[in-house]
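Visitor: Take a look and give me a structure for this.
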Amino acid sequence: MHRFANPARFLRLSAVLLPWCAGATVILTILGLWFSLFGSPPDYQQGETVRIMYIHVPAAWMSMFVYTNMAIAAAVGLVWKHPLADLFAKAAAPIGAGFTFVCLVTGSLWGAPMWGTWWVWDARLTSVLILFFLYLGYMALVNAFDDPQRGMKAGNILLLVGIVNVPIIKFSVDWWNTLHQPASVVRMGGPSIDPSMLTPLLVMAGAFTAYFLSVVLLRVRTEIAQRKIQTLRLSVAGDGAVTDGMQG
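Guide: All right, here's what the predicted structure looks like:
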């Protein structure tokens, strides 16, 4: 992976990947929305409210997927000092927080007619809320230090500590008695959901993934550009201080 650590090489590679990811996002989103709204039947118990699932479930998957990848990047940054690992984690954090927020909001909208309440403090919902706070805490922590490297290191440690919450989210419905339904897609024995509902669910998951890749590539490119600008400013300021010293 060190051959991708060169920012110039990453910029060239991302320039090639970005149009494909953006195109996949548009195509999969259109297909996913069509299947979700018109190509899948209402549920025999939940009726039309089941269509919230096609946003809620992919957002939940992505909230854990993004955080897991951020934690991997944190480990790479701490152990191998990979120069782009920290930038990836920083760039991915707002996207992951956005997915988690969408998951929480759509879960409440779905829970109100199904459970008769907007929120319950069960294991699944509480652990997802903790994940949202971990995202917010990481973003606050990396910007809390004057030295960016210290902020990144502190944020990476938080990411590695918080990764324990991801398996708790995944297995909470198996370990505790909760209102939240158990897994119906990623489970032993294969999916239990009907193909007419599984298809739009997977297409929307693909759309969310392509969106994440598109935005994170853009954000990492922006972070690299900002680092270059900051380096140039420090260089100009240093040259100016040397010139003033010589004149003095």
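
Visitor: for the longest helix along the chain, packing partners?
Guide: In the chain, taking DSSP state H as the definition, the longest helix is helix 195-247. Other elements packing on helix 195-247 under the criterion 3 or more C-beta pairs under 8 Å, 6 or more residues apart in numbering; DSSP states H and E are helix 7-37, helix 53-80, helix 83-115. Bear in mind the C-beta positions are built from the backbone N, C-alpha and C, glycine included.

Visitor: Among those, which comes closest to Val236?
Guide: helix 7-37 (20.2 Å; C-beta to C-beta).

Visitor: That closest one vs helix 53-80, what angle?
Guide: Angle, helix 7-37 to helix 53-80, by axes from the mean of the first three to the mean of the last three C-alpha atoms, to 10 degrees: 160 degrees.

Visitor: on that earlier part again, redo the helices and strands packed on helix 195-247 as JSON lines? Include mean pLDDT.
Guide: What follows is these, written out as JSON lines (pLDDT from 0 to 100):
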{"stretch": "helix 7-37", "mean pLDDT": "95"}
{"stretch": "helix 53-80", "mean pLDDT": "95"}
{"stretch": "helix 83-115", "mean pLDDT": "94"}
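
Visitor: Distance to Ala225 and mean neighbour count for these - can I get that in TSV?
Guide: Output for those, formatted as TSV (distance: least, C-beta to C-beta, whole Å; neighbours: other C-beta atoms under 10 Å):
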stretch	distance to Ala225	mean neighbour count
helix 7-37	9	15
helix 53-80	19	21
helix 83-115	11	20
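
Visitor: I'd like those written out as TSV, with distance to Ile157 added.
Guide: What follows is these, written out as TSV (distance: least, C-beta to C-beta, whole Å):
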stretch	distance to Ile157
helix 7-37	24
helix 53-80	8
helix 83-115	12
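
Visitor: Could you find the residue nearest the spatial middle of this protein?
Guide: Most central in the chain under C-alpha atoms, centre = their mean is Gly96, positioned 2.6 Å from the mean C-alpha point.

Visitor: which residues touch the nearest residue to that one once chain neighbours are set aside?
Guide: With sequence-adjacent residues excluded and distances taken as C-beta to C-beta, 6 or more residues apart in numbering, Gly96 is closest to Val66, at 3.4 Å. Neighbouring residues of Val66 by C-beta atoms under 8 Å, 6 or more residues apart in numbering: 92, 95-96, 99, 212.

Visitor: what sits against the residue lying closest to Val220 once chain neighbours are set aside?
Guide: Spatial nearest neighbour of Val220, excluding adjacent residues (C-beta to C-beta, 6+ apart): Ala91 at 4.7 Å. If you count contacts by C-beta under 8 Å, 6+ apart, Ala91 has them with 216, 219-220, 222-223.

Visitor: ok, 6 Å please
Guide: With contact taken as C-beta atoms under 6 Å, 6 or more residues apart in numbering, Ala91 is in contact with 216, 219-220, 223.

Visitor: And these, which is closest to Ala8?
Guide: Using C-beta to C-beta, the contacts of Ala91 come closest to Ala8 at Val220, 13.1 Å.

Visitor: Do I have it right that the closest one meets Asp86?
Guide: No - using C-beta atoms under 6 Å, Val220 is not in contact with Asp86, being 10.3 Å away.

Visitor: Count residues in the vicinity of the closest residue in space to Pro94 that isn't next to it in sequence, would you?
Guide: Leaving out its chain neighbours, the residue that sits closest to Pro94 by C-beta to C-beta, 6+ apart is Met139, at 6.7 Å. Met139 has 16 neighbours, counted by other C-beta atoms under 10 Å.

Visitor: On the pLDDT front, check Met139 for me.
Guide: We note a pLDDT of 97 for Met139 in this prediction.

Visitor: All set now, cheers.
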